[in-house]
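I would like to see how this sequence folds:
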Amino acid sequence: RIQILFENTMMVQLHLHEYDPAVIFPQYFPVVTAGICRLVICLLIVYPLSFIHRELILGKPRSVQLTYFFLSGFGIIYYILGIAGSVHCILNVLGVWIFKKIFGPSKTTLVLSATYTMVYLVVGYIFNTRAEVYDISWTTPHSIHTMKLIGLIFDYCDGNKDEESQTDDQKKHAVQDFSLFEALSFCFTYTGGLTGPQIPFKKFRDFCDNQLEYEKDGNGKPNSVRYAISRLKIGVAVMSVYLTGSTFFTRETILSEEFVSCGIAYKWLYLSVFGALALIKYTGVWTVMEGGCALVGISYDSELEEVWSGARSVNIVPMALGLTNKEFIDNFNITTKNWFIRYLFKRTRGWSKWTRMSYTYLFIILWHGVLPGYFMAFLFEIPVVTAEKQLTNIIISYYGTIDVWSDRTQAAVRFSSRVVRLLVLGYGIQPFILLSLHDSIRVYNSVNWALHVFFVFWFPAYFLVLNPLLLKEKSTVFTSQRCTKDSTSQKNGSSDPSIQLNKITRGVAALKN
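Numbers count the residues shown, from 1 in each chain. Reported below is the predicted structural model:
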């Protein structure tokens, strides 16, 4: 009887498996794997879960809300990854909580927790990552939980320090203690346990304690429905653009022999669109998730211009219409970037700037994965932003800011800047998409490593020729201005030697800067 029951159960599972959208959809859109399809389904499930919370759970005691967030989030992760992936995530939280119970709010707890979660994640990458294509695995939520747990331990240690030694930001997020179930609910919550955004534990706890103030509608619920639905529409539209475009711009094409034989202009344009589609995919996912957080009410922030945008990871308009790569970086993956700044970069104030940057970049790379493509993509970001800043300084020094140019010149510069930025982004992001060293080298060979060669010549030319000329020009302008001021002061009878000495001292300091 047991055998018959088992066989019947397996037959039912197989029958249901045939109707699983995650199985059917990839048959028509091969670029979408079953894991990614399940991820999108779970992103959409966030909205009914948020409506249920608004109607039935909101205002209930902390224990009820924590239970709802944990069970719903656990169900989502179980649907995508099964029991094995869910257990990995629980063990991650359990290990950090054990360190906290044994060592308390100490540097030992902080070091052991950060090491444990990061080593666990990196080992998972090593044994669970294929170089051919990225797919959803248990390391996907595990990476999000790693950031949540490290940030939680930092906040826990901050909460047990003297207030005099805390910064304003630390006071805002500090907590004195937390329970195991709170940590589990915080990590597994459907409002960010799978793809982010990174919401501080203090804000999550205040929300569960019904202490988070927000704008309310006539029924006492968060007045965020309209905003949430608008983010859902935008997110779905963006993901539809990705889905449509990815059927024409594919990985197989850029790795084919036919692509190598095409002209370099066509290849670079193709790579730019292919790279932009990858960024569009992330934009759609994060925008849908932002709406879900707004709907439940946890994203409210009265200090922002759009008060419900506290969980926003992408500023779509500035990101799309910005003139520089720096503007793109500032408006993409915002909550994760803010986490890196708060818990990594600002925590190493005693180090040199380059040491802090190297430490932060190494953490970011390992947090994403161990494949060569991540190293190539993130390290390439450094010369791009540096050269862009240098070129901007030269243009401003000789021609002034763009605001003083004619309307026609401004329009031409803005258009050309956006085209160049698209080409540079499309070039630099290829290793992040392809991941493997072999495929990345193959693609860069097809475009003759153009930007890499440009930087090889640009930086020597800037430091040996352009920068000295720029300093000389500034020195000449400063000297002429100083002479003019001196002659004016003499005419006015103010030629006090001490005043002149102070002016010269300030001028020398300005030149050094």
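
okay, which residue is most central for the protein?
Asn333 (2.6 Å; CA atoms, centre = their mean).

what's near enough to touch that one?
If a contact means CB atoms under 8 Å, 6 or more residues apart in numbering, then Asn333 has 282, 286, 313-314 as its contacts. To be clear about C-beta, it is placed using only N, CA and C from the backbone, and glycine gets the same treatment.

Of those residues, just say which sits nearest to Arg349.
Among the contacts of Asn333, Ser313 lies closest to Arg349 (CB to CB), at 26.3 Å.

Can you give me the distance of the closest residue to the closest one other than its chain neighbours to Ile341?
Nearest residue to Ser313, sequence neighbours excluded (CB to CB, 6 or more residues apart in numbering): Trp286, at 3.8 Å. Computed as CB to CB, to the nearest Å, the Trp286 to Ile341 distance reads 18 Å.

now do Leu39
27 Å.

Show me what the helix ranked longest in the chain is packed up against.
If you go by DSSP state H, the chain has its longest helix at helix 62-103. Helices and strands touching helix 62-103, by 3 or more CB pairs under 8 Å, 6 or more residues apart in numbering; DSSP states H and E, are helix 34-52, helix 107-128, helix 139-159, helix 180-188, helix 201-208.

Switch those helices over to JSON lines; also include distance to Val370 and mean neighbour count.
Formatted as JSON lines, the helices and strands packed on helix 62-103 follow (distance: least, CB to CB, whole Å; neighbours: other CB atoms under 10 Å):
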{"stretch": "helix 34-52", "distance to Val370": "19", "mean neighbour count": "19"}
{"stretch": "helix 107-128", "distance to Val370": "5", "mean neighbour count": "16"}
{"stretch": "helix 139-159", "distance to Val370": "10", "mean neighbour count": "23"}
{"stretch": "helix 180-188", "distance to Val370": "22", "mean neighbour count": "23"}
{"stretch": "helix 201-208", "distance to Val370": "28", "mean neighbour count": "20"}
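
Confidence-wise, which of these is weakest overall?
For the helices and strands packed on helix 62-103, the weakest mean pLDDT is recorded on helix 34-52, namely a mean of 91.

the inter-axis angle of that one versus helix 62-103?
Calculated by axes from the mean of the first three to the mean of the last three CA atoms, to 10 degrees, helix 34-52 forms an angle of 120 degrees with helix 62-103.

Check the offset of helix 34-52 from the chain's centre.
Computed by CA atoms, centre = their mean, to the nearest Å, the chain-centroid distance of helix 34-52 equals 21 Å.

Packing partners of it?
Using 3+ CB pairs under 8 Å, 6+ apart, helix 34-52 sits against helix 21-28, helix 62-103, helix 225-245, helix 264-296.

So which residues make contact with that helix?
Contacts for helix 34-52 (CB under 8 Å, 6+ apart): 21-23, 25-26, 72, 76, 79-80, 135-137, 140, 190-191, 194-195, 228, 232, 235, 239, 285, 288-289, 291-292, 295-296.

For stretch 342-352, buried residues please.
By neighbour count with 16 or more other CB atoms under 10 Å, stretch 342-352 contains the buried residues 342-345, 347.

Quick check on Trp286 and Ile341: which one has the bigger neighbour count.
Between Trp286 and Ile341, counting by other CB atoms under 10 Å, Trp286 is the more crowded of the two (26 against 13).

per-residue pLDDT, the more buried one?
For Trp286, the pLDDT comes out at 96.

Wait, Met147 touches Asn338, no?
No. Using CB atoms under 8 Å, Met147 is not in contact with Asn338, being 11.0 Å away.

List the residues that are in contact with both of the two.
Between them, Met147 and Asn338 share these contacting residues under CB under 8 Å, 6+ apart: Gln198.

now do the same end-to-end measure for stretch 437-454.
Stretch 437-454 has an end-to-end distance of 21 Å (criterion: CA to CA, to the nearest Å).

Revised request: answer the last question for stretch 46-65.
Stretch 46-65: ends 15 Å apart by CA to CA.

where in this structure is pLDDT low?
Residues of the chain that meet the criterion pLDDT under 70 lie in 1-32, 130-133, 474-513.

got the contact list for Arg442?
Leu255.

Now do the SS call for it.
helix (DSSP: H, G, I helix; E, B strand; the rest coil).

Tell me the one among the buried residues of stretch 342-352 nearest to Cys89.
Tyr343 (20.1 Å).
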